[in-house]
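In: got a structure for you, letters missing:
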Ligand code: SF4
């Protein structure tokens, strides 16, 4: 049987060699992505989520370096791919959209020209054919009057329209994978919802796989069928959206859930921020990276990085609380637990 897997990231480690030392931004991340699947990567800033996506695109700049691991895309390990190969993959097979479309769109060219250029470069169509396709793409992403709007400059578009235009450029070459890094953070809530709806729609219509990177669990709920929660350069928990939202097993995931508003929350519970700050990745903690902020920290948490405990098929969590020798405790009640190993 042919594998459905489009991307397989195995034990990825990416570091930045700065004057203060080696910043171990990604410390051994593994996950897979199927064709047509949407995966959310969630975590605070500094969790390693954006460095993971930049590593997949091989856009890590000096003093950064992929230290170890594999990024297998359509059966080929991109870690070994040369510049020429990556140039042909970027934009063509993997496209990326960022938080601020104004920094990605060139202000001196019309939006249409920028889409046309991407189509001509990657698909070798004539300018006239590419213009027709550019209008089609603007229609697809819901830009009104695309025949006229195609000749507008980026500053003539609103923030939401610029982000739609970025998506149109990214999708104009029908990439197999679209990586969206905080694509809605700079937008107001209504536009944010429209852009997310659009991404969901495009996934179904164009069958593009999506990696959606965000600090906000609420953003991935609707678009992604699977979620990875990252912290301190590691994956803390992975599962389906249902697993993560309704059966979270990691105290950090639970903390994130308590800090986002829920539509289904009839009791209007107070939002609780997670106290403290992320670990120093120049000197990462010996044990669990979340230990300093975790109410349930035990002796073993300070000494050993927890392995992944399998909860269900496709649902895993790196927390010592799931060890069979750990005493029973209801994490959500906030009761500090006895420790295992003393
Ligand atoms: Fe908390 Fe320990 Fe679980 Fe880490 S391993 S999240 S410190 S209980």
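Out: Right, received. Where do you want to start? In this text the structure is predicted, and so the values were computed from the model without any measurement.

In: Tell me where the longest helix sits in the chain.
Out: Across the chain, the longest stretch assigned as helix under DSSP state H is helix 189-206.

In: Now do it: distance to the chain's middle.
Out: Offset of helix 189-206 from its chain centre (Cα atoms, centre = their mean, to the nearest Å): 16 Å.

In: What pairs with the helix or strand just after that helix, parallel or antiparallel?
Out: Counting by DSSP states H and E, the next helix or strand C-terminal to helix 189-206 is strand 209-214. Strand 209-214 sits in its sheet next to strand 38-42 (parallel), strand 177-181 (parallel), going by DSSP bridges.

In: ok, and what's touching the last one?
Out: Contacts of strand 177-181 with the rest of the structure, by Cβ atoms under 8 Å, 6 or more residues apart in numbering, involve 6-7, 33, 50, 53, 56-57, 73, 93-99, 167, 170-171, 199, 202, 208-213. Where you see a C-beta, it was placed from the backbone N, CA and C, and this is true even at glycine.

In: Tell me what angle that strand forms with helix 189-206.
Out: 170 degrees (axes from the mean of the first three to the mean of the last three Cα atoms, to 10 degrees).

In: buried ones in strand 177-181?
Out: For strand 177-181, burial by neighbour count (16 or more other Cβ atoms under 10 Å) applies to 177-181.

In: Let me know the closest of the residues you listed to the ligand.
Out: Nearest to the ligand among those is residue 181, at 25.9 Å by Cβ to the nearest ligand atom.

In: How about the closest one, nearest residue that isn't a chain neighbour?
Out: Leaving aside its sequence neighbours, residue 181 sits nearest to residue 213 (Cβ to Cβ, 6 or more residues apart in numbering; 4.5 Å).

In: Name the residues linked to the one you found by a beta bridge.
Out: Applying DSSP bridges, one finds that residue 213 bridges with residue 41, residue 181.

In: try residue 317
Out: Beta-bridge partners recorded for residue 317 (DSSP bridges): residue 237, residue 309.

In: what's near enough to touch it?
Out: By Cβ under 8 Å, 6+ apart, residue 317 lies in contact with 236-239, 249-250, 253, 308-309, 311.

In: Among those residues, name the buried ones.
Out: Counted by 16+ other Cβ under 10 Å, these give 236-239, 249-250, 253, 309, 311 as buried.

In: Closest to the ligand out of those?
Out: Using Cβ to the nearest ligand atom, the buried ones among the contacts of residue 317 come closest to the ligand at residue 250, 6.0 Å.

In: show me the contacts for the closest residue to that closest one other than its chain neighbours.
Out: Using Cβ to Cβ, 6+ apart and skipping the chain neighbours, the partner closest in space to residue 250 is residue 237 (4.1 Å). For residue 237, the contact set (Cβ under 8 Å, 6+ apart) comprises 228-229, 244, 248-250, 252-253, 316-319.

In: thinking again about what came up before, make a markdown table out of the buried residues of strand 177-181 and add pLDDT and distance to residue 122.
Out: Putting the buried residues of strand 177-181 into a markdown table (pLDDT from 0 to 100; distance: Cβ to Cβ, whole Å) gives the following:
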| residue | pLDDT | distance to residue 122 |
| --- | --- | --- |
| 177 | 94 | 14 |
| 178 | 92 | 14 |
| 179 | 93 | 16 |
| 180 | 91 | 19 |
| 181 | 90 | 21 |
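
In: which one of the residues you listed is nearest residue 12?
Out: Nearest to residue 12 among these: residue 179, at 14.2 Å, using Cβ to Cβ.

In: measure that closest one to residue 152 for me?
Out: Using Cβ to Cβ, to the nearest Å, residue 179 is found at 26 Å from residue 152.

In: For my notes, confirm residue 96 occurs in a helix.
Out: No: going by DSSP: H, G, I helix; E, B strand; the rest coil, the assignment for residue 96 is strand, not a helix.

In: who's it bridged to?
Out: Beta bridges link residue 96 to residue 179, judged by DSSP bridges.

In: and the closest residue to residue 176 other than its chain neighbours, what are its phi and psi?
Out: Leaving aside its chain neighbours, residue 176 sits nearest to residue 93 (5.1 Å; criterion: Cβ to Cβ, 6+ apart). Dihedral angles of residue 93 (phi, psi; degrees, to the nearest 10) stand at phi -110, psi -30.

In: burial measure for residue 93, as a count.
Out: Other residues near residue 93 come to 16 when the count uses other Cβ atoms under 10 Å.

In: Would you check how far apart it and the ligand are?
Out: In this view, residue 93 and the ligand are 37 Å apart by Cβ to the nearest ligand atom, to the nearest Å.

In: Show the pLDDT at that residue.
Out: pLDDT, residue 93: 92.

In: and the stretch 201-342 of the chain, which residues reach the ligand?
Out: Proximity of the stretch 201-342 of the chain to the ligand (Cβ under 6 Å from any ligand atom) is limited to residues 250-251, 288, 290-291, 294, 296-298, 301, 306, 319-321.

In: Could I get the residues you listed in TSV, plus columns for distance to residue 278, pLDDT and secondary structure?
Out: Listed next are these as TSV, based on distance: Cβ to Cβ, whole Å; pLDDT from 0 to 100; DSSP: H, G, I helix; E, B strand; the rest coil:
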residue	distance to residue 278	pLDDT	secondary structure
250	15	96	coil
251	14	95	helix
288	13	97	coil
290	9	97	coil
291	12	96	helix
294	13	94	coil
296	18	91	coil
297	15	92	coil
298	20	92	coil
301	16	95	helix
306	17	97	coil
319	17	97	coil
320	19	95	helix
321	20	94	helix
